[in-house]
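S.K.: pasting the structure only:
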């Protein structure tokens, strides 16, 4: 397997790592900043507007969010939001 080392955990580095990993390449990101995002490996089955923001259902869990970013390539109208 080809291994890809990505130096830098900014938007470009993380985007590159995402695409290399999605294409089956072993990918390691090197960065001195320990900030990150919680990641869930499950599909989203529902998104609803709430009084406080949004409710995102994934698997058996529902997650509250103040803001929502649709980055799936699909129209948010398809989700009814």
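M.R.: Sure thing, it's come through. Worth saying up front: this structure is predicted, and the values here are computed from it rather than measured.
S.K.: Only C-alpha atoms from now on, for both contacts and neighbour counts.
M.R.: Will do.
S.K.: after the helix or strand of the chain with the lowest mean pLDDT comes which helix or strand?
M.R.: Here the helix or strand of the chain ranked lowest by mean pLDDT, DSSP states H and E is strand 26-30, holding a mean of 88. Later in the chain than strand 26-30, the nearest helix or strand by DSSP states H and E is strand 44-50.
S.K.: So which other helices or strands are in contact with that next one?
M.R.: strand 53-58 (3 or more CA pairs under 8 Å, 6 or more residues apart in numbering; DSSP states H and E).
S.K.: again, 10 Å this time
M.R.: strand 53-58, strand 61-65 (3 or more CA pairs under 10 Å, 6 or more residues apart in numbering; DSSP states H and E).
S.K.: between it and strand 61-65, how many degrees?
M.R.: 40 degrees (axes from the mean of the first three to the mean of the last three CA atoms, to 10 degrees).
S.K.: by how many degrees do strand 44-50 and strand 53-58 diverge?
M.R.: Using the same axes, to 10 degrees: strand 44-50 against strand 53-58 is 170 degrees.
S.K.: Offset the numbering so it begins at 59, please.
M.R.: In the new count, where the first residue is 59, that last one comes out as strand 102-108.
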